[in-house]
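K.L.:
below is the structure, and that's it, no one-letter string:
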């Protein structure tokens, strides 16, 4: 293994320690950034980076698992209905246990390790999960029990990732049906619970069904084309999020964002690169 994972992992660990040692008014921007990067939406951005830059298969599989983890988290929150701490520095959606940020982080890095079987994932993922978890405590939106429970549940969901993906690969109908099921569950849960995150999960889940429509195993693209493609995807995706002003537009926007990735990668990028 090259040195860069160790450098990155150590940098994340040092960043966490510095954030804890520095006065809160100085370190607060760090924790606010982690608030964005550590939720389900933040991991959509991260998994789609894997989709474009590493492997569409790995990126898709990782995205699917974090969507499942997000649904599990919201269900548990609404089932247990444990109130959040009263001295939170920011507003947070829903109940307290388990921490969604800690759970989704635990799910993502566990699943990614099982997909790649790479020690680099552990070296980077362990301090990253710690940083996300600490941010929830510093911001006052969770208790240590919330965070610990989130990490453990996320680890368990992540361990199921290879089994879930194997089922999807083995049965053709399941490949499309899983997206209909996930999207429908998310929308039904939204009706009963009112979490806006569910609209986003449902939209992305349904949109990513197009991955199986356009997927080409033989497609090879150089890294420059992949990188330009990812940036070219993020810009319209970000612009689209500005149009999400109510439940209907929020769902439609994330439906388009989910479906845009495979269409863009498999239909448009081959024309830009040399490998298509």
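P.N.:
Arrived safely, thanks for sending. Note that the coordinates shown come from a computational prediction; the quantities given were computed from them, not determined experimentally.

K.L.:
report how many residues lie close to residue 88.
P.N.:
14 (other CB atoms under 10 Å). For every residue, glycine as well, the C-beta is placed using N, CA and C.

K.L.:
quick check: it vs residue 155, distance?
P.N.:
25 Å (CB to CB, to the nearest Å).

K.L.:
equivalent analysis for residue 54, please.
P.N.:
From residue 54 to residue 155 the distance is 22 Å (CB to CB).

K.L.:
ok, residues contacting the helix or strand containing residue 192?
P.N.:
Taking DSSP states H and E as the criterion, residue 192 maps to helix 172-193. For helix 172-193, contacts defined as CB atoms under 8 Å, 6 or more residues apart in numbering pick out 64, 67-68, 71, 74-75, 78, 94, 167-169, 195-196, 198-199, 201-203, 205-206, 208-209, 212, 247, 251.

K.L.:
residues in contact with the spatially closest residue to residue 256 that is not a sequence neighbour?
P.N.:
Of all residues not flanking residue 256 in the chain, residue 240 sits nearest, at 6.1 Å (CB to CB, 6 or more residues apart in numbering). Counting by CB under 8 Å, 6+ apart, residue 240 makes contact with 253, 256-257.

K.L.:
nearest to residue 39 among those?
P.N.:
Distance to residue 39, by CB to CB, is smallest for residue 257 among the contacts of residue 240, at 15.3 Å.

K.L.:
need the contact list for the closest one.
P.N.:
44, 203-204, 207, 237, 240-241.

K.L.:
check those residues and tell me the two furthest apart.
P.N.:
207 and 241 (13.6 Å).

K.L.:
from residue 213, how far off is the spatially most central residue of the chain?
P.N.:
Centroid check for the chain by CA atoms, centre = their mean gives residue 43 as the closest residue, at 2.3 Å. Counting by CB to CB, the separation of residue 43 from residue 213 is 23 Å.

K.L.:
before we move on, what about residue 252?
P.N.:
For residue 252 relative to residue 213 (CB to CB), the value is 19 Å.

K.L.:
what's the pLDDT at residue 136?
P.N.:
pLDDT for residue 136: 92.

K.L.:
now residue 1
P.N.:
pLDDT, read off for residue 1, is 61.

K.L.:
one step back: please pick the buried ones from the contacts of helix 172-193.
P.N.:
The neighbour-count criterion (16 or more other CB atoms under 10 Å) marks 64, 67-68, 71, 74, 94, 168, 195, 198-199, 201-203, 205-206, 208-209, 212, 251 among the contacts of helix 172-193 as buried.
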